[in-house]
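Student: Kindly generate the corresponding structure for this input.
(one chain, ligands or ions: 1)
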Amino acid sequence: MNISEAKKRIEELKKELEYHNWLYYVKDTSKISDVEYDKLLKELITLEDKFPQSKSLDSPTQRVGAPPLEKFKTIPHVKPMLSLDGTTEEEEVKNFDRRVRDGLNNEMVSYVAEPKFDGLSIELIYENGILTRGATRGDGVNGEDVTLNVKTIRTIPLRLIGNNVPTQVAIRGEAMMTLKAFQELNKRLTERDEQIFANPRNAAAGSIRQLDSNITAERHLTFFAYELMEIEAKKLTTHREEVELLNEWGFKIDPHLKYCKNIQEAIQFHHQIEKEREELSFETDGIVIKVDNLQAHEKLGTRTRSPRWAIAYKFEPRKEITEVQDIVVQVGRTGKLTPVALLKPVDVSGVTVSRATLHNEGEVKRKDIRVGDKVRIERAGDVIPAVVERIPEEGKNRNQPFSMPEKCPVCNSTVFQEGAYHFCSGGIYCPTQLKRAVQHFGSKGAFDIDGLGEKIVDNLVEKGMIKDLSDVFRLKKEDFLKLERFADKSAQNMVDALNKARDVTLQRFIYALGISNVGEHLALVLANRFKKLENLMIADIETLQSIFEIGPEVSKSIVVFFGNENNRKVISKMIDLGVNIKPLEEFKEKDLPLERKTIVFTGELENFTRDKAKKLVEELGARITSSVSSNTDYVVVGSNPGSKFDDAKKLGIKILDEENFKKLVGG
Ligand code: IVH
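Tutor: Numbering: from 1, shown residues only. Here you go, the predicted model:
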């Protein structure tokens, strides 16, 4: 291939890869498999390596990260990045509306309201449609140059879509972490015994401000665009048009964005989102209300730090004050000991909280938390509530400071310390470690054994029916019948579930073993690379380390794990008991005709209860969500539908009546 042929092919590949990226990350659909995507990407990497002069700023190869920086450069913003005035009071919001109407000499002003994204604001600069710069807010005037990092965010286009893009434009929005990405990140960090993040906002901020963009790439950030600046090409009149244009250019737009005829509707929207808050895919601490008309923005102007045309109407924080009644120590799957505060039960915006994690001994000491203290707790991002701080009480006699026990509270084995954490040295002789290991073994990403939940696992281990992981596949119907609350049918279900689980992909098998530092993602990397378990079992440190994404620590845990005689025995016992590990390619998941489809229900169906209908489509691989967005595939409409029906029509989503729904699920 000569250079001009290579250039042509590179352009084709760039276009195609970015198109599939946009489909997947912005539109939540896909047309090709991961394997096909990787193949195209590999082809591009190879070509760019061969013809380095053809590398470009908007190449998808830049999304995987670049060599680490020494420090961030400071760069000026095109205009100050303002903040927002905020309130939790309805009265204040009405005052805001009054000021706006006075300022515009208008009887009525319409607004746009949208959730307030809880992340960190980012400015992106596009020149001739190509992303050339990304900066944090910094002090509002100057920010940090995080260009390499923002390029790894898949919902940020590297090149604006469409032919009619301006020569220069600045776009602002929020980089954040969805709850799913946040929970997965904390899970990975836990598996590596690293400090977890307290909430998605800290996680997003910590991930953007990484000198090594490879780490940012792993963190799966999302970006929602909300503001367009310095636009020469198009004259827009409303904020709604602005957002629509951003969407056309390839940005992800939040589907909840709502046009409000007056402030009353915006206030109503606040109440609606507050109710739906727990179901949203991301954390939000309120809504932002903006005057829709852009000329009005000019007229109203800004204060030093915030515009007069917008206000953040926040929710009451999910924080409460309560008392620590005891501090206990929990043992995890890897033997890690975690101090947990048992609290006087307290309602934190609708959820009763009675325990909160204290992370580790250092953390308890730093916050100086003792039994009997008053503390402030916070519930964020669906995580286990955390103790934020102690509330000092004058003149109170306090208890002794907390310290970690020297023996494991479960099995009495010696406790040792590694970094910030303490561990029980008992391994699977420690019943709690065995229980959690078995639970992990049967979990969704592992053997996915239906019904093997915490209570049953605890029971099986306590009755001595499980002594190592392989014993799971030794269990018979009679064994389950010996447990409480098992009858003929439920015991048979368990046996069926075990039989079904025996066929497993190599990735799931590796993950199920619970090797420290090896989460679902690395298990896939290993399965792809080694194809067969035997190959992985004999891999040495050098081979492992030569694999992209596998560092020295992971390599070591893998070699140590398979070097252990006991572990090898357990694996061979499993295989004797009929566990059948399938190489990746040969394994075909059950046929799921509605896989990746998103469905919303509204109104009542005649022949299905809502639960039944949901279950049906879920079994066929679809996902049910509570609100309609551009990512929804079908809206099923029964009698007396709600506002979702209107949303579907507005967004042009495919609408199914009961008859067509029946057809969709195969009659
Ligand atoms: S509009 C002049 N819309 O909240 C600023 N900001 O607490 C106009 N934020 O600095 C910003 N969600 O980073 C806007 N839907 C949204 C937002 C949003 C989150 C951030 C923004 C701002 C901060 C103020």
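Student: Okay, buried residues for stretch 529-539 please.
Tutor: Judged by neighbour count (16 or more other C-beta atoms under 10 Å), stretch 529-539 contains these buried residues: Arg529, Phe530, Leu533, Leu536, Met537, Ala539. All C-beta atoms are positioned from the backbone trio N, CA, C, and that covers glycine.
Student: what two of these have the greatest distance between them?
Tutor: Spatially, the most separated pair among these is Arg529 and Met537, at 13.2 Å (C-beta to C-beta).
Student: Any residues of the stretch 301-450 of the chain in contact with the ligand? List them.
Tutor: Residues of the stretch 301-450 of the chain lying near the ligand by C-beta under 6 Å from any ligand atom: Pro307, Ala310, Ala312.
Student: Neighbours of the last one, how many?
Tutor: This means Ala312. Counted with other C-beta atoms under 10 Å, residues neighbouring Ala312 total 18.
Student: does it really touch Lys116, like I thought?
Tutor: Yes. With contacts counted by C-beta atoms under 8 Å, Ala312 reaches Lys116, the gap being 5.5 Å.
Student: who touches both of the two?
Tutor: Counting by C-beta atoms under 8 Å, 6 or more residues apart in numbering, the common neighbours of Ala312 and Lys116 are Leu84, Gly286, Ile287, Val288.
Student: for the closest residue to the ligand within the stretch 401-550 of the chain, phi and psi?
Tutor: When C-beta to the nearest ligand atom is the measure, the stretch 401-550 of the chain has its nearest residue to the ligand at His521, with 29.1 Å between them. When quoted as degrees, to the nearest 10, the phi and psi of His521 stand at phi -70, psi -50.
Student: just Ser629 next, same as before
Tutor: phi -140, psi 180.
Student: What residue, apart from its backbone neighbours, is nearest it spatially?
Tutor: With sequence-adjacent residues excluded and distances taken as C-beta to C-beta, 6 or more residues apart in numbering, Ser629 is closest to Pro255, at 2.9 Å.
Student: ok now do the one you found, which residues does it touch?
Tutor: Pro255 makes contact with Ser627, Val628, Ser629, Ser630, Asn631, Leu651, according to C-beta under 8 Å, 6+ apart.
Student: so the third one sits right up against Leu651, yeah?
Tutor: Yes. In this structure, Ser629 is within contact of Leu651 by C-beta under 8 Å, at 7.3 Å.
Student: what about the two, which has more around it?
Tutor: Remark: of Ser629 and Leu651, Ser629 carries more neighbours, 19 against 14, as counted by other C-beta under 10 Å.
Student: With adjacent residues omitted, what lies nearest to Phe441?
Tutor: Closest residue in space to Phe441, ignoring its immediate chain neighbours: Ala512 at 4.9 Å, by C-beta to C-beta, 6+ apart.
Student: which ones are touching that neighbour?
Tutor: Applying C-beta under 8 Å, 6+ apart, the residues near Ala512 are His440, Phe441, Ala446, Phe447, Leu469, Val504.
Student: Just say helix, strand or coil for Val560.
Tutor: Per DSSP: H, G, I helix; E, B strand; the rest coil, the local secondary structure of Val560 is helix.
Student: Surely Cys77 is in contact with Glu144?
Tutor: Let me fix one detail, which is that residue 77 is His and not Cys. No. His77 is beyond contact range of Glu144, at 11.1 Å (criterion: C-beta under 8 Å).
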